[in-house]
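> Coordinates for the following, if possible.
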Amino acid sequence: MNRQQRLLAMLAALQARRRTNAKELAAEFGVSVRTVMRDVEALAAAEVPVFTERGRYGGIVLLPGTQLDVSRLSDTETELLTVLGIDLVQARKLGMEAAARSATDKLTARGTPQRRAASQRSDLIPLAQVVAVDHRAWFVPDEDEEADIASLTHDLRRARRLRVRYRRSGARRHRPITIDPYGVLLRAGRWYLVADTDGEPRMYALSRLASWEVLDEPRRLRQNTTLTELAGTLGAGLEDARDVVVTVRLDADRLDIAKRILGKRLLSTGPADADADGTVLVRVGYDRLDGIRQLLQFSDHFEVIDPPEARELVARLAEAIALRHRHPNP
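Residues are numbered from 1 along each chain as shown. A predicted model of the protein is given here:
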C-alpha cells in the first residue's frame, strides 16, 4: 500500500471508529508508529479535523460531528492531499489551485444538519477557527523567483532526461548539466529538483535553476529507488554530516535562538543552568571546517573552544571583518 492509499484508508478507519491509536494503525498498515504520526500531521495540515490526545486513554481522534466524504475526491485531488497536504500556495505553483480548493471543500464538509447540531451541543466550534497551519518558511518572500514548477512537473512526467542550466551555491554563472530526474521535492517552503547526475544523487534548488530542456532519450534511474526514498537519503546525509565537531562557549540567553538556527547541527548542550559567567558549553557538528562561518551570526556572544583549527579560523575571519570596518565607508 502506497502513501496515497494509506492516507485514504486511515481516513476510512477514523470515520468508522472515531478513536484509535498510532500503534493499532501501524500494525494495520504495516508501517512504523512514526510514519503513522507523520500521516496524521499531513491530514491535519490538510484541514482534516483529526487530532491526537495524550495520556493513558488518548489516541488519534476524528473530531466528533464530522462526516468526511472521501469517495468524492477525484484522482487529482487525492494526489494533492497526499503530496502537499492541500497547501494552496504550493498548489498554485503547480498550476493546481482549483483542485486543491475543491479537495479542501470536500474534506472539510460538516455533514448533515443533524450532525452539525450534535457538534454544536458538544460546544465544539469549527477546527479551522482554533487551528492555523502555515507551511511557509520564516523570512522568505511571498513571491520568490523559483522556476515555473508547474511546467517543470509536466515535463518530468514525460520520464525523459533533462539538460538544465544551473548555478551552484556561491557560483556566479549557470552551467549546463545533463541529469536523470526523479522529481521535485518541497521541503521547508523550498522546492528542489532531485536527480542522478553521472550516477550520483543530487538535489538542485529551483531558485538557482535558470532553464531546462527535455532530451529525446528516457531517464536512466537506479532500480528499486523512488523519489521519496532518494530525497530522504539526501536529506539525512546532509543533516547527519558531522565530520567536524566544535565545542563552543555560548551566552546562555542565546541558547534558544541557537536551537532554532543550528537545528540538528546542535549535537549537545551543557547543564541547563548557566555557568557563573552566564555561558553554557555546546557542541556543534559540521560536514567541513568552513561550516563554522555560520557561528559568526552570534557575533560577540560565542567563543570557539575546540578544536584549535576551528578557533584559529574564527580568529582570522574576525580579523578580516574588523579590518574591513576599521575605517569609514569610503
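
> Any stretches of the stretch 1-150 of the chain with poor pLDDT?
1-5, 16-18, 46-47, 53-58, 63-129, 131-137, 140-147 (pLDDT under 70).

> rerun at 80
1-19, 42-59, 61-147, 150 (pLDDT under 80).

> again, but for the stretch 201-330 of the chain
Ranges of the stretch 201-330 of the chain meeting pLDDT under 80: 239-241, 270-276, 329-330.

> Would you map the helices across it?
227-240, 255-262, 308-324 (DSSP state H, counting those that start in this stretch).

> now those helices in a markdown table, with distance to Leu221 and mean neighbour count?
Quick note: C-beta positions are derived from backbone N, CA and C, even for glycine. Output for the helices of the stretch 201-330 of the chain, formatted as a markdown table (distance: least, C-beta to C-beta, whole Å; neighbours: other C-beta atoms under 10 Å):
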| stretch | distance to Leu221 | mean neighbour count |
| --- | --- | --- |
| helix 227-240 | 9 | 14 |
| helix 255-262 | 35 | 14 |
| helix 308-324 | 40 | 12 |
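
> how about those in CSV, adding distance to Ser211?
Listed next are those as CSV, based on distance: least, C-beta to C-beta, whole Å:
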stretch, distance to Ser211
helix 227-240, 22
helix 255-262, 33
helix 308-324, 36
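
> for whichever helix or strand Tyr192 is part of, which positions count as buried?
Element membership for Tyr192 (DSSP states H and E) is strand 190-197. Neighbour counts over strand 190-197 (16 or more other C-beta atoms under 10 Å) mark Trp191, Tyr192, Leu193, Val194, Ala195, Asp196 as buried.

> How many residues are close by the nearest residue to the fourth one once chain neighbours are set aside?
So that's Val194. Spatial nearest neighbour of Val194, excluding adjacent residues (C-beta to C-beta, 6 or more residues apart in numbering): Tyr182 at 4.7 Å. Using other C-beta atoms under 10 Å, Tyr182 is surrounded by 22 other residues.

> Just say helix, strand or coil for Tyr182.
strand (DSSP: H, G, I helix; E, B strand; the rest coil).

> Please name the residues that touch Arg220.
Residues near Arg220 by C-beta atoms under 8 Å, 6 or more residues apart in numbering: Arg161, Asp180, Asp196.

> Outside of stretch 161-178 itself, list whatever touches it.
Stretch 161-178 has contacts (C-beta under 8 Å, 6+ apart) with 155, 179-181, 193, 195, 197, 204-205, 208-215, 217-220.

> Output it in CSV, but only the C-alpha positions, please.
Extracted C-alpha coordinates of stretch 161-178, given in CSV (Å, rounded to 0.1, in the frame of the first residue of the first chain):
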residue,chain,number,x,y,z
ARG,A,161,16.4,13.1,-19.3
LEU,A,162,16.9,16.9,-18.9
ARG,A,163,19.6,19.3,-19.7
VAL,A,164,19.5,22.1,-17.2
ARG,A,165,21.3,25.4,-16.7
TYR,A,166,22.1,25.6,-13.0
ARG,A,167,24.1,27.9,-10.8
ARG,A,168,25.7,26.1,-7.8
SER,A,169,25.7,27.8,-4.5
GLY,A,170,28.3,30.6,-4.4
ALA,A,171,29.0,30.4,-8.1
ARG,A,172,28.3,33.4,-10.4
ARG,A,173,27.4,31.7,-13.6
HIS,A,174,24.9,29.0,-14.7
ARG,A,175,26.4,25.8,-16.1
PRO,A,176,24.8,23.2,-18.4
ILE,A,177,24.2,19.8,-16.7
THR,A,178,22.6,16.6,-18.0
